[in-house]
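> Predicted structure and sequence below. I'll ask about it afterward.
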Amino acid sequence: MFDYLIVGAGFAGSVLAERLAADNKKVLLIDRRSHIGGNAFDHYNSDGLLVHKYGPHIFHTNSREVYDYLGRFTAWRPYEHRVLASVDGMLVPIPINLNTINALYGMNLDATQVAGFLESKAEHRSPVRNSEDVVINKVGKDLYEKFFKGYTKKQWDLDPSELDASVAARIPTRSNRDDRYFADTYQGMPAEGYTKMFERMLDHPNIKVMLNTDYKEIVNQLRFRKIIYTGAVDYYFDYCYGKLPYRSLEFRFETKDKETAQATGTINFPNEHPYTRVTEFKYLTGQQHPKTTLVYEYPQAEGDPYYPVPRPENAELYKKYQQLADAATNVYFTGRLATYRYYNMDQVVAQSLSLFKKLRAAATETPLLNGSRNDVVSDLIQRKIQ
Ligand code: FAD
Ligand code: UDP
């Protein structure tokens, strides 16, 4: 008998499990995968190098609350991520900055001159509706084509004009020399890795973890009061409105018999190769080792759902699922897949912390839900059909 069944042991589910357990609630946390940590899971590979199974994860946030909360379960290793892009046969900083412009165009401009240069290239667009508008509005067509058009096509199989402005707006443009990928106040990596951090979060007598289990297989055999669901929202509702597009990736790992393989944590390839970027984990983890492991990211349509695809028609479709989710009693949806939001880790933690506060504020006893999932879901689906 559990107070909460939590589906998904990534950031969204694990934060809630930890908070609820500390609040004296009995929690069953299940995941269909064989491990906790969701997409942030890391492990030592057969050569003894710490790698991120689902691609490079770098922690950054402006939220002191989120940073301090996670800091209860890990020490932080200071780390500021830097990325170079392979463009015109050179490796230049991305986000575009003063050094990028000077290297690409063979100039020696100062910050004010770079700002003026970018202004002279920018083609102002109003309103800024999509990711093409965002970039061209700031830096003009040439830099857009060098850095964004090809990368975006590979990553999403869409032209930037088909994606919400928020996607390309993740990448700033700078006229100074700041070459950090993120500008957040708090940046770092869990000193012993993400999985160790998750293990500490979930190490509580009120939390039972069940792995290798899809919730639909067992939900009707369990007794619990509430569900917190962090998987894909369309799957929860049996795809009743059709599939929500999620973009997937294939990760190919390569270990090299040398200490260092590339000049920085990540190299982006906007224009060549089928992969988008290559990341060398030792930069992120700080591990000392005679060998080094890289991961290559190959975007694909099929496979695990990693990215919601932010564009108007998908927002419309999600809205329908959201209405079902809002109507579901004692079922709460949180996290990147369940709320169909292109969230970073810190945003997911903040979302779950805020759901916890709501649950605690509304803490009234609810009847046990058991064997009722099919009734509840089919009732909701019926109601939407009528
Ligand atoms: P997830 O981590 O996806 O966890 C959901 C869990 O639910 C999964 O473990 C899944 O197996 C389980 N699940 C789903 N359905 C079911 C079911 N039916 N039954 C049982 N279990 C189920 N963020 C950053 O802040 N910095 C980064 O550098 C960064 N890099 C990223 C790189 C890549 C390649 C990707 C894909 C994401 C990156 N992110 C990064 C985003 C980050 O991964 C997410 O914000 C975060 O992991 C989302 O946590 P979540 O718990 O919502 O989802
Ligand atoms: N992007 C790009 N070129 C780059 C880096 C990013 O076109 O060199 C665009 C691309 O559409 C990408 C988006 O900006 O999907 C967001 O990039 P980010 O690095 O934040 O992606 P994530 O780490 O979430 O995969």
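Everything's here; your move. Ligands and ions are numbered 1, 2, ... in the order given.
> going forward, measure contacts between C-alpha atoms and count neighbours the same way
OK.
> Any part of the helix or strand that contains Lys154 near ligand 2?
Here Lys154 is covered by helix 150-156, with elements defined by DSSP states H and E. Yes: counting by C-alpha under 6 Å from any ligand atom, ligand 2 has neighbours in helix 150-156: 151-152, 155.
> Ligand 1: which of those is nearest?
Gln155 (10.6 Å; C-alpha to the nearest ligand atom).
> Give the buried residues for stretch 95-111.
95-101, 109, 111 (16 or more other C-alpha atoms under 10 Å).
> ditto for stretch 28-42
Buried residues in stretch 28-42 (16+ other C-alpha under 10 Å): 28-32, 35-42.
> for stretch 152-172, same thing?
In stretch 152-172, counting by 16+ other C-alpha under 10 Å, buried: 152-156, 159-165, 167-168, 171.
> What are the contacting residues of it?
95-96, 128-135, 148-149, 247, 270, 274-276, 298-300, 309-312 (C-alpha atoms under 8 Å, 6 or more residues apart in numbering).
> Any of those buried? List them.
The buried subset of these - by 16+ other C-alpha under 10 Å - is 95-96, 130-135, 148-149, 247, 270, 275-276, 298-300, 309-311.
> Show me these that map onto helices.
Among those, the members falling in helices (DSSP state H) are 131-135.
> Return the closest of those residues with respect to Ile218.
Ser131 (41.9 Å; C-alpha to C-alpha).
> per-residue pLDDT, the closest one?
Reading off the confidence values, Ser131 has pLDDT 98.
> Same check on Ala362?
Confidence score, pLDDT, at Ala362: 87.
> Likewise for Thr366?
In this prediction, Thr366 has a pLDDT value of 63.
> Counting by contacts, list what the helix or strand hosting Leu359 packs against.
Using DSSP H and E, Leu359 sits in helix 345-361. If contacts are counted by 3 or more C-alpha pairs under 8 Å, 6 or more residues apart in numbering; DSSP states H and E, helix 345-361 sits against helix 11-22, strand 59-61, helix 64-71.
> average pLDDT for the first one?
Along helix 11-22, the predicted confidence averages to a pLDDT of 99.
> What's the first helix or strand after that helix?
strand 27-30.
> Return the distance of the helix or strand following that following strand from the chain's centre.
On the C-terminal side of strand 27-30, the nearest following helix or strand under DSSP H and E is strand 42-44. Distance, stretch centre to chain centre, for strand 42-44: 18 Å (C-alpha atoms, centre = their mean, to the nearest Å).
> which residues in the stretch 201-350 of the chain form strands?
207-210, 223-229, 246-256, 266-268, 277-280, 292-300, 307-308, 331-333 (DSSP state E, counting those that start in this stretch).
> Each with direction, which strands does the fifth one pair with?
So that's strand 277-280. Paired with strand 277-280 in the same sheet, following DSSP bridges, are strand 266-268 (antiparallel), strand 292-300 (antiparallel).
> Is any residue of the longest one near ligand 1?
No: against ligand 1, strand 292-300 shows no contacts by C-alpha under 6 Å from any ligand atom, the least distance being 7.5 Å.
> Show me the residue at the heart of the chain, geometrically.
Asn344 (4.3 Å; C-alpha atoms, centre = their mean).
> ok, that residue - contacts?
Applying C-alpha under 8 Å, 6+ apart, no residues contact Asn344.
> mind checking how far it is from ligand 1?
Look at Asn344 and ligand 1: by C-alpha to the nearest ligand atom, to the nearest Å, they are 4 Å apart.
> Kindly report the same for Gly37.
Relative to ligand 1, and taking C-alpha to the nearest ligand atom, Gly37 is found at 6 Å.
> got a list of what the nearest residue to that residue once chain neighbours are set aside touches?
Computed as C-alpha to C-alpha, 6 or more residues apart in numbering, the closest residue to Gly37 that is not its neighbour in sequence is Gly10, at 4.4 Å. Contacts for Gly10 were tallied using C-alpha under 8 Å, 6+ apart; they are 36-40.
> Go again with 10 Å.
31, 35-41, 198, 230-231, 335-336, 345, 348-349 (C-alpha atoms under 10 Å, 6 or more residues apart in numbering).
> still on that earlier bit, how about the strands paired with strand 277-280, which one is nearest Tyr283?
The nearest among the strands paired with strand 277-280, by C-alpha to C-alpha, is strand 266-268 at 8.8 Å.
> I'd like the average pLDDT over the closest one.
On average, strand 266-268 scores 98.
> and Gln113, helix, strand or coil?
helix (DSSP: H, G, I helix; E, B strand; the rest coil).
> Name the nearest residue to the closest residue to ligand 2 within the chain, sequence neighbours excluded.
Ligand 2 sits closest to Phe148 of the chain, with a gap of 3.2 Å, by C-alpha to the nearest ligand atom. Leaving aside its sequence neighbours, Phe148 sits nearest to Pro270 (C-alpha to C-alpha, 6+ apart; 6.7 Å).
> What distance do you get for the one you found to Gly116?
25 Å (C-alpha to C-alpha, to the nearest Å).
> thought Pro78 was touching Tyr283?
No: assessed by C-alpha atoms under 10 Å, Pro78 is found out of contact with Tyr283, at 11.2 Å.
> which of those two has more neighbours?
Tyr283 (20 against 15; other C-alpha atoms under 10 Å).
> quick one, what contacts the closest residue to the more buried one other than its chain neighbours?
Counting by C-alpha to C-alpha, 6+ apart, Tyr283 lies nearest to Gly265, which is 5.2 Å off, once chain neighbours are set aside. The contact partners of Gly265, taken as C-alpha under 10 Å, 6+ apart, are 56, 80-84, 278-285, 294.
> swap the cut-off to 8 Å and go again
81-83, 279-284.
> repeat for Glu80
180-182, 187-188.
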